[in-house]
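Enquirer: my questions are about this predicted structure, shown below with the sequence.
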Amino acid sequence: MSVLKNKATNSLLKSEKKSLFRFLVLYTTMVIVLMVLLSAFYYQSQEKFMLAEERATLSKYAYIQTKRLKVLHHFFDERDTYPRDSRFRSAIYDNEFAKIFSLIKEENIQFDKEIYIADKMIHFIETLDNYYLGARYLVIEVEDDTQWRAEIWKHIFIYGSVAFLVFMLFGFYLAKLFLKPMRDSIVLLDRFIKDTTHELNAPLSAILANIEMMDTDIMAEKNKKRLARINIAAKTVSTLYQDLTFLTLEHERHNEDEPVDIKPLLEDRVEYFNAWIHSKRLECFMDTEDASIVIDKRKFTRIVDNLISNAIKYNQRGGSIGIKLRKGMLMIWDTGIGIEKEKIPFMFDRYMRFNESEGGFGIGLSIVKKIVDEYHMSIEVESEIKKGTRIILKW
Amino acid sequence: MVKKFLFATVVLTSYTAAQNAYERHCVPCHASLPTSLQGMFMNHLLVYGGEHNFKAALKHYLRYPSKDISVMSDLFIDNFGIKEKSTLSDKELNEAIDIYWDKYKVFGKLK
């Protein structure tokens, strides 16, 4: 059981991946937005805090400067040197915001604020009760030592990354939680299939063997047809059986890689499906050259069987299927119902079926994909709705 | 006597003709006061601030002088009294005040 579970859960299905991806993107964006908001809030409150501290010093400077202006005002007929101080720069503006005198760099004073930071300098604005030298506003300017800023950024960075990590861990936990029901049903289905397939083998072999042994010469035409139908049906079940055992038992087996001559194998498999092809009145185009591949023969047969049986299954009556074999390339095409472009990425997912009218477990292509990946082959799908599908295999 | 009178008129006319509204209408009367016109300017400025305010307030004061709103000290007023209401025309008054402002304003004087 644990082995089975491992096998089922170690790789995510495409559709799972997609919903997981969507969830994570949404979640991450939300986390980031939240973090940015929190950081901005933190930054602002720290700035306010810093300014409140700074304000005490600046208003002391403003007081001193006001006294000096007062003196200068009274002795203006004798003196005209604006009082300077090495600790700060200052400027005076009249009540019409006209600059009377200024030592500061900032030109656009924000008179509606009491204290603010601009151009890495802190500005403090004192409103004078007496218009010394005609001044209504005294602006005090000091360099903003960026130390506190660096400190805030450091905090934001450290706490931010910790919080982000925690949030993301929580997110992964959530994602796992919400994938679990999906996961569970897949595991359950896998186990069910494993149990049932075991019981299918013997009866199926008996049916197929007996059909082969039947003497068709002495049979009425009507019965011959019926037998052919039984044959097709049994082979369909057999293919399914092969797929299911592959899926559930394959990992207990070792690969027996050998050079495989593909041409005779293809001919053999077409022959195997011949009755089915005939019954659907399909025309079969074979265009094969000699080609070989080093692979476990059983696995390659699974690929070929699944691709051919899909080409038959999803074809319309009187359509055609084709097989083209070149060195390093196998193409199987049909004139069937086709598949929508958006669905192509998901067609190799297990238990994914696009056409409810056709039966099946939707495992065939997932097996194909698994083998293709295992042997580092590439598979391409070109399809057009109601026109048909081509599947191209390269190695 | 006639000479003296003539001299006075000549001086006066040359005075009035040569000088601007401020020097004609304000300086002579203020010359006898102990606080300079600059000193009064600073007193007035201290209370009224910016140019617009300053000029409007001064114009009003010159038209309607009163002890209650004077910027001069009580001591000063007790000694020299409130000035008389100005009878100058609006134009002349404005001109005189503008010149007064330009002469003593702080703008551009600080170093």
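Expert: Yep, it's here.
Enquirer: report the contact partners of the closest residue to residue A:96 other than its chain neighbours.
Expert: In space, and not counting its chain neighbours, residue A:96 is closest to residue B:50: 4.2 Å by CB to CB, 6 or more residues apart in numbering or on different chains. C-beta here means a position set from N, CA and C on the backbone, and glycine is covered the same way. Residue B:50 sits next to A:94-96, A:98, A:131, A:134, A:136 when contact means CB atoms under 8 Å, 6 or more residues apart in numbering or on different chains.
Enquirer: look up phi and psi at residue B:50.
Expert: As for residue B:50, its main-chain torsions (degrees, to the nearest 10) stand at phi -50, psi 160.
Enquirer: can you list the contacts of residue B:50 in TSV and add distance to residue A:336?
Expert: Formatted as TSV, the contacts of residue B:50 follow (distance: CB to CB, whole Å):
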residue	distance to residue A:336
A:94	89
A:95	88
A:96	86
A:98	86
A:131	94
A:134	93
A:136	88
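Enquirer: part of a strand, is residue A:330?
Expert: Yes. Residue state for residue A:330 (DSSP: H, G, I helix; E, B strand; the rest coil) corresponds to a strand.
Enquirer: so residue B:84: helix, strand or coil?
Expert: coil.
Enquirer: neighbours around it, how many?
Expert: 9 (other CB atoms under 10 Å in any protein chain shown).
Enquirer: gap between the residue nearest to residue B:58 when sequence neighbours are not counted and residue B:40?
Expert: Nearest residue to residue B:58 in three dimensions, chain neighbours excluded: residue B:97, at 5.6 Å (CB to CB, 6+ apart). As judged by CB to CB, to the nearest Å, residue B:97 and residue B:40 stand 12 Å apart.
Enquirer: thinking again about what came up before, counting by contacts, list what whichever strand or helix holds the residue nearest to residue B:58 packs against.
Expert: For residue B:97, the element it lies in under DSSP states H and E is helix B:90-104. In terms of contacts (3 or more CB pairs under 8 Å, 6 or more residues apart in numbering or on different chains; DSSP states H and E), helix B:90-104 is packed against helix B:21-25, helix B:37-48, helix B:51-63.
Enquirer: change it to 6 Å
Expert: Here helix B:90-104 touches helix B:21-25, helix B:51-63, going by 3 or more CB pairs under 6 Å, 6 or more residues apart in numbering or on different chains; DSSP states H and E.
Enquirer: what's downstream of the shortest one, the next helix or strand?
Expert: Scanning forward in sequence from helix B:21-25, with DSSP H and E defining helices and strands, the next element found is helix B:27-30.
Enquirer: check the longest one too.
Expert: Beyond helix B:51-63 on the C-terminal side, the first helix or strand identified by DSSP H and E is helix B:74-80.
Enquirer: tell me the buried residues in that next one?
Expert: Residues of helix B:74-80 classed as buried: residue B:76 (neighbour count, 16 or more other CB atoms under 10 Å in any protein chain shown).
Enquirer: ditto for stretch A:53-62
Expert: So, applying 16+ other CB under 10 Å, buried residues of stretch A:53-62: A:54, A:58, A:61-62.
Enquirer: measure the most centrally placed residue in chain B to chain A for me?
Expert: With distances taken as CA atoms, centre = their mean, residue B:26 lies nearest the centre of chain B, 3.8 Å away. Distance from residue B:26 to chain A, counting by CB to the nearest CB, to the nearest Å: 17 Å.
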